[in-house]
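[1] Give me the fold of what follows.
(2 chains)
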Amino acid sequence: MPALPSFVPYLIHTLFPPWVRRPTEIGAEVMMVAGGAFIVYWLLKYKKLQWLWNEWLTTVDHKKIGIMYLVAAIIMLARGGLDALMLRTNLALPTAHFIGASEYNEVFTTHGTIMVFFMGMPLIFALFNVVVPLQIGSRDVAFPRLNAISFWLFAFAAALFNLSFVVGGSPNAGWTAYPPLTELAFNHTVGENYYFISLLMTGIGTTITGINFLVTILRMRAPGMTLMKMPLFTWATLNTSALILFAFPPFTIALLESLLDRLAATSFFTLSHGGMPMMYVNLFWLFGHPEVYILVLPAFGVFSEVVATFSRKKLFGYPSMVLSMTAIMVLAYGTWVHHFFTMGAGPAVNVFFGLSTMLIAIPTGVKVFNWILTMWGGRVQFTTPMLYFLAMIPTFVIGGATGVMLGAVPADYQFHNSYFVIAHFHEVLIGGTVFGLLAGVYYWWPKMFGYKLNDRQGKWAFWLFAGGFWPTFIPQYWLGLEGMTRRMYTYPLGMGWHTLNVISTIGGFIMGAGFLVLAANVLYSRRHQEKDLTGDAWDGRTLEWSIPSPAPEYNFAVIPTVDERDWWWQEKERRRQGEKPVVVKPEEIRPIAIPKNTPVPILLGAAFFMGAFGLVFSWWDIALAGLVAVFSILIYSWFQYDHYRILSAGEVRESEELLGRLGA
Amino acid sequence: MHGGDDQHETAMEPGFDFISPRFEEPKFPMHQVWGYAASLVLTFAALWMTVNRIMSPSVLLGVVLAMAVAQGALQLGVFMHVRESRGPAWHLLPLGMAFAIGIGLVGMSAWIMLFKSGVS
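    Sure, this is the predicted structure:
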């Protein structure tokens, strides 16, 4: 037998070290390979490769990009959820050691990171992309190609992060990745490299998205739609984008400096060389606290749309809603120290940030009261999105109140790093963000695909998910008060924590069942679709419901002129009173410029992926090749001048005719 | 492009000429070339001074900070076109806000990190 070339054992040793050869990793590997093989087989068998490339991979259409974000987010929700169930199983069986200490560290790290950056953020961007241009009466976002680049940077970063599970080893220092635990001296595996590099990559995409939607909303609204006539979801997007713009730079610096500490032997956060580990914590939470509002403000926007639509009333207190949301945006920048009161920055600093934390409860409270008062006297329809809204009110109020408790500095010294904190932020992030985004997905599903998700199954999924939520997280408050700290993989049975942990785990599995029903709901509804031909599946109020579902690629054949809030509702009201409807007049249709498909975004993502993969393993030649590839693609795209194709007025007219939209 | 309320033209007060509508479109972006070169010089000069420790740390910190501010101003002027606009200079408002937030965050971070004495 000829001897293997020397690099083969090196590669096997580096790519597949012992800690990625445990049963769970092997299982994941088999699933990934089998799944990938099945997708390739399916694409080849049905000759779908060309279709996939032309319709999806190279698209710059905001609606399709939104759907791709949605698909990615749901896949990531499945993975993050599996991680969570592994953690919960370990804690319900503290003597069985279902997964060991080091694997537990890796799983809680990937659970947190995936849920925040690769599930929450893309699900938010899915709704931004699908909804915002339609809500403001625009034909696309301001920079369609940059929008696709954002998506592909995210997608390849998510792929890179998930690859760490089976190639090289997962990160294991928690989703916050504090030094010194992430420093090379204490953490030899490549896991943390994966963490820093994939988050840097997706951070670039996120920042671009923030800029893109700021410009879109400020510059591309339909004529007559002044700022105070914008729908609330658009307001939420504007505020979220403003948060992204300033929150991500400190994060980028923190990640980059940590990465340099690991790869280039700098010592930004190495105490023994004059570095300042607490500066990482400061920079991380400078980003981290605005980040939680980045996650929750879009959910507030969704609820504002959902509650108005299904109460069949206009939103109560629109100006105060806008004001409180903007106040949250500003205040969100001034509270970050409450994540590390125990650093001991001194009473003056801690009191300042304790007070600013409590202050945020005021605008949030205003919003909750406004939503409740919107239902007051309305005809409330209990659809699935509305159920998620109703479930959010108690969870968010309790989660918010415990947040104020955590903001009280002396008490925080007791709560810090305990399960009380875990219970608090899961309660606001699931009870606020996830409920909100799921409500948004159910609400805008007909706009994306042209049919509703089955409501009966949706309610089953809801009751399992929201019903499992309470037994999962409420016991964790008591666990925290009884002294159980976060991130422990086991505990002695005599501590008195076992019963509460078992209840919590059972709740977790009920939520998992809820996710399965949700997935089944999507598949079933896709197979048994009832086409919505009106384009206005819920009797909606805002501009996106005035066009067909799914929206044609040009969105609006003629951009409407808006003169009031809830223009579409008022227009329907006028029609009911027998006034002549505002319809598309054939003679008003003009040629429309549509941005062309381009392979640049996906290639750029792939090039970034290659460079990042090289950096993870410190293979500098591959990293350099990736950098060269990035620049080559950029230079190639600089010399492309022909970005638009023209849809002639005749083609638009024909399409509108087919959709039954043309008036005389 | 169809904007909302940014269509109205407002007459500028005298003395505010520098924010009146103004838009440059030169044939060759010479400004940008110089700006790019100057940015590189400022960056590498700072790196060189730090690596070779040519001054005492506190003085060096001041010099590097000053160079950073200079480069920020340079990039705002050259690449962000801060002195140009097609309409009224609305961009100065968010720019001011950005400075307020930025200075606030940096200032408060400095305040927070001065905790070494008097740990509570």
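[2] For the stretch 101-250 of chain A, which segments are assigned as helices?
    Assigned by DSSP state H, counting those that start in this stretch, the helices in the stretch 101-250 of chain A fall at A:101-113, A:121-135, A:144-163, A:191-219, A:232-263.
[3] Past the longest helix belonging to chain A, which element shows up next along the chain?
    Secondary structure of chain A per DSSP state H: the longest helix is helix A:277-311. Next helix or strand after helix A:277-311 toward the C-terminus (DSSP states H and E): helix A:318-331.
[4] Check the average confidence over that following helix, would you?
    Throughout helix A:318-331, pLDDT has a mean value of 95.
[5] relative orientation of it and helix A:277-311 in degrees?
    Counting by axes from the mean of the first three to the mean of the last three C-alpha atoms, to 10 degrees, helix A:318-331 points 170 degrees away from the direction of helix A:277-311.
[6] how's chain A carved up into domains?
    Using automatic domain parsing, the domains assigned to chain A come out as A:1-47, A:48-598+A:643-658.
[7] how far is the first one from where the chain is centred?
    It stands for domain A:1-47. Centroid displacement of domain A:1-47 relative to its chain, using C-alpha atoms, centre = their mean, to the nearest Å, is 29 Å.
[8] and that domain, what's its mean pLDDT?
    On average, domain A:1-47 scores 86.
[9] Is chain B within reach of the longest helix of chain A?
    Yes: contact of helix A:277-311 with chain B (C-beta under 8 Å from any C-beta of the partner chain) involves A:278, A:279, A:282, A:283, A:286. C-beta coordinates here come from the backbone N, C-alpha and C atoms, glycine included.
[10] Now do the contacts for the third one.
    By that I understand residue A:282. By C-beta atoms under 8 Å, 6 or more residues apart in numbering or on different chains, the contact set of residue A:282 is A:336, A:337, A:340, B:109, B:112, B:113.
[11] is it possible to export those residues to JSON lines including pLDDT and secondary structure?
    Formatted as JSON lines, those follow (pLDDT from 0 to 100; DSSP: H, G, I helix; E, B strand; the rest coil):
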{"residue": "A:336", "pLDDT": "93", "secondary structure": "helix"}
{"residue": "A:337", "pLDDT": "93", "secondary structure": "helix"}
{"residue": "A:340", "pLDDT": "92", "secondary structure": "coil"}
{"residue": "B:109", "pLDDT": "88", "secondary structure": "helix"}
{"residue": "B:112", "pLDDT": "86", "secondary structure": "helix"}
{"residue": "B:113", "pLDDT": "83", "secondary structure": "coil"}
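[12] out of the residues you listed, which one sits closest to residue A:69?
    residue A:336 (27.4 Å; C-beta to C-beta).
[13] residues contacting the closest one?
    Neighbours of residue A:336 in contact, by C-beta under 8 Å, 6+ apart: A:282, A:285, A:286, A:288, A:289, A:290, A:353.
[14] Helices along chain B, start to end?
    B:30-52, B:57-78, B:92-112.
[15] Next, format the ones you listed as CSV and append mean neighbour count and distance to residue A:32.
    Listed next are the helices of chain B as CSV, based on neighbours: other C-beta atoms under 10 Å in any protein chain shown; distance: least, C-beta to C-beta, whole Å:
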stretch, mean neighbour count, distance to residue A:32
helix B:30-52, 13, 42
helix B:57-78, 14, 43
helix B:92-112, 14, 41
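[16] Worst mean pLDDT among those?
    helix B:92-112 (a mean of 85).
[17] Can you give the contact residues for that helix?
    A:246, A:250, A:282-283, A:286, A:333-334, A:337, A:345, A:349, B:19, B:76, B:82.
[18] Return a PyMOL selection command for the buried portion of these.
    To isolate the buried subset of the contacts of helix B:92-112 in PyMOL, counting by 16 or more other C-beta atoms under 10 Å in any protein chain shown, use the following:
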select buried, (chain A and resi 246+250+282+283+286+333+334+337+345+349) or (chain B and resi 19+82)
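[19] Name the weakest-confidence residue in the contacts of helix B:92-112, if you would.
    residue B:19 (58).
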